[in-house]
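Q: My questions are about this predicted structure, shown below with the sequence.
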Amino acid sequence: MVPELSVVIPMYNEEQVLPLLVQRLRPVLDGLGTSYEVVAVDDGSKDQTAVLLQRYRREWEQLRVVRLRANSGHQAAISAGLVSAHGDFVVTLDADLQDPPETIADMLRAAHEEGVDVVYGVRSDRSTDSFFKRETAKAFYSVHSRLTGMETAGNAGDFRLMSRATVDAVNALPEHGRVLRFVVPALNFPSASVSYKREERAAGESKYPFMKMVMLSVDSIIGFSLKPLRLATWLGFGGFIASLLLIAYAVIGRFTGHAIAGWASTVGMIALVGGLQLLCLGILGEYLGRMYQQLQERPNYFIAYDSARDRDDHRFAIPRSARMATGQPAGATAARPAVTLQAGSVEAGAGPRVANPTPRGTDTSEGTLDAHGLAGEPIDR
């Protein structure tokens, strides 16, 4: 039976917060009075997250575990969850409990009452975030809005509810390295919002250090705007005008007998123009790199295990490192199970991959291939 609600939760090394998450999330979902599933996406965790998920799954039949073969990143893990989810509505929620699970009921109510496809969770109070994070986030969303022309809620992250039509549309997109908090608004589907107070991380450490936030910001701008390329054009034009003015100044100084400034001004001008050229080349390189990645058509992730599909095969439910820590056998000798690709797949020797989101309620193992397209001993991470 297809559930009405799916809750997708990406996880990476969340063994400390996982018990608190289950303690708060399960009563909320049980109290909704509707059918649901929880799709916990283990993004290649190296701690005991996989072990804990298997333990909770024995007691919580609605819990479904999807384990990626390697750490693929937060956005890729969410994408894997969206492809795997079967619900008529899908909520994406981080495991750190900064976004309260209790808000899910308000989101589902808003979707039904207002008849919208997307309900965004908007942070009305971010006092738990540092001053630096609040101000840089505000500046980034302002710059992003100006560069892309998109009107996005500055205090909305990845906590949202989407209809099945929205999820299917997102899954059909062929983009590589997409940032879902901007991909979903770009679809321009009817939407509403629900406000909530952002809480402190319940346990564990943040998986988004400063440099990851910077790279996410770059991906968000490069993926949605051509204005940086136009900025390179305007910088080049400005450098050309400045060079003409400098030549005119030199000619006038020659005929009026005024001494031209020494080598310092010349070197400074050359350094300025050289810096602008390198900046322009860097911007061009970012766009060319995105095109190169898109042409490669490499999947963003590989699914090693799905508890809904591999009910009788638990060899890959727990990674090798976690099994060794718990004293379980570390090896496996049978053939490696199939690995699901993102939004469509190809079999070995087939033609180009075509977007084909997995229909709800179907066997997600259909149309898959292993991580290397080869037979052999399993590589269990």
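A: Ah, there it is. Numbers count the residues shown, from 1 in each chain.

Q: where does the closest residue to residue 62 other than its chain neighbours land on pLDDT?
A: Closest residue in space to residue 62, ignoring its immediate chain neighbours: residue 37 at 5.3 Å, by C-beta to C-beta, 6 or more residues apart in numbering. (Glycine included, C-beta is placed from N, CA and C.) With respect to pLDDT, residue 37 scores 96.

Q: can you pull out the helices in the chain?
A: 18-30, 49-59, 74-84, 103-114, 131-148, 164-172, 180-187, 210-222, 227-256, 263-296, 320-325 (DSSP state H).

Q: List of residues touching stretch 104-122?
A: 5, 7, 28-29, 31-32, 34, 89, 91, 93, 99, 103, 153, 155-157, 159-163, 165-166, 184-185, 189-196 (C-beta atoms under 8 Å, 6 or more residues apart in numbering).

Q: which among those residues end up buried?
A: Buried members of these, scored by 16 or more other C-beta atoms under 10 Å, are 5, 7, 28-29, 89, 91, 93, 99, 103, 153, 155-157, 159-163, 166, 184-185, 191-194, 196.

Q: Low-confidence ranges, the stretch 251-381 of the chain, go.
A: Low-confidence segments of the stretch 251-381 of the chain (pLDDT under 70): 251, 253-254, 257-265, 267-269, 271-272, 292-294, 296-298, 310-381.

Q: switch to 50 and redo it
A: Residue ranges of the stretch 251-381 of the chain with pLDDT under 50: 329-359, 361-381.

Q: And stretch 92-107, end to end?
A: In stretch 92-107, first residue to last residue: 11 Å (C-alpha to C-alpha, to the nearest Å).

Q: Could you verify my assumption that residue 78 touches residue 180?
A: Yes - with contact defined as C-beta atoms under 8 Å, residue 78 reaches residue 180; the gap is 5.8 Å.

Q: Those two: who's more crowded?
A: For residue 78 versus residue 180, the count of surrounding residues by other C-beta atoms under 10 Å is larger for residue 78: 23 against 19.

Q: Need the per-residue pLDDT for the more buried one.
A: 93.

Q: now do residue 133
A: 69.

Q: before we move on, back to that, when you check the contacts of stretch 104-122 against the strands, which ones overlap?
A: The members of the contacts of stretch 104-122 that map onto strands under DSSP state E are 5, 7, 89, 91, 156-157, 159-163, 191-196.

Q: Same question for stretch 168-184: list its buried residues.
A: 168-171, 173, 176-184.

Q: Between those, which has the least confident prediction?
A: residue 177 (72).

Q: For that residue, what are phi and psi?
A: Main-chain torsions, residue 177, degrees, to the nearest 10: phi 70, psi 40.

Q: so how far is residue 136 from it?
A: 21 Å (C-beta to C-beta, to the nearest Å).

Q: and if you look at residue 187?
A: 27 Å.

Q: Same check on residue 183?
A: As judged by C-beta to C-beta, residue 183 and residue 136 stand 22 Å apart.

Q: Then residue 302?
A: Counting by C-beta to C-beta, the gap from residue 302 to residue 136 is 33 Å.

Q: Next: residue 6.
A: Residue 6 is 32 Å from residue 136, by C-beta to C-beta.

Q: The two - which one has more neighbours?
A: residue 6 (28 against 15).

Q: out of everything not next to it in sequence, what's closest to the more buried one?
A: residue 87 (3.2 Å).
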